[in-house]
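*Asks:* Prediction below, plus the sequence it came from.
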Amino acid sequence: MRLSAIACLLVVTCYALPASAFDGHDKFVANCSGCHGENAKGIEGMAPSLYNPELWAKLGDKRNDYIAGVLTSGLSGTLKTSNSSFDGMVMPPQDFIDTADLVAITHYILNEINHVEGGPGPDAVLIDKLKSAPKSHKDLQALRNGD
Ligand code: HEC
């Protein structure tokens, strides 16, 4: 009786704890990897690498607005990364993806891929807000460039 209760607790803990991390990777593969590559390292001529710790650090407390804004609005314009420049490429808005899945995906990118310190990433409230009032690509570029 007691043993089975402990086993039960263990199972619950094992499933509950890492769920969001695994979830984020799975959701990323399902929705984003066709353009950004399986491990978010980008695909030449298709979409940039999302491994860019300098960018996420530089964005500081604007980070959540930026990543949630890109997901809900998509992005276009010239995009410079540490090793390449993307011009004339368009990312379509991903606002059709469930908010909870977008939360898991952003946490995967910020925490698992980039090991960003200082905050868990966007929450559902922010993503829902941006879904109903999407930012313009111009505003997102300005946010990214620190204008
Ligand atoms: C159809 C291809 C495509 C899909 C699907 C796609 N993206 Fe993108 N993504 C792009 C392109 C292209 C850019 C660069 C846009 C530009 O040059 O302005 C981009 C840019 C980004 C950026 C900005 C990177 C930076 O350095 O500022 C983020 C963040 C991002 N995508 C995340 C995602 C996530 C997360 C998903 C899945 C929910 C996703 N994208 C799905 C093509 C795509």
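*Replies:* Sure thing, it's come through.

*Asks:* contacting residues for the most centrally placed residue in the chain?
*Replies:* For the chain, Thr106 is the residue whose C-alpha lies nearest the centre (CA atoms, centre = their mean; 2.5 Å). If a contact means CB atoms under 8 Å, 6 or more residues apart in numbering, then Thr106 has Gly24, Asn64, Ile67, Ala68, Leu71, Gly121, Pro122, Ile127 as its contacts. Just so you know, the C-beta spots here come from the backbone N, C-alpha and C atoms, and that holds for glycine as well.

*Asks:* The same query, at a cut-off of 7 Å, please.
*Replies:* Ile67, Ala68, Gly121, Pro122 (CB atoms under 7 Å, 6 or more residues apart in numbering).

*Asks:* again with Leu59
*Replies:* Tyr66.

*Asks:* Just say helix, strand or coil for it.
*Replies:* helix (DSSP: H, G, I helix; E, B strand; the rest coil).

*Asks:* Beta-bridge partners for the closest residue to His137 other than its chain neighbours, please?
*Replies:* Distances taken as CB to CB, 6 or more residues apart in numbering put Ser76 closest to His137, at 5.0 Å, once the chain neighbours are dropped. Under DSSP bridges, the beta-bridge partners of Ser76 are Val90.
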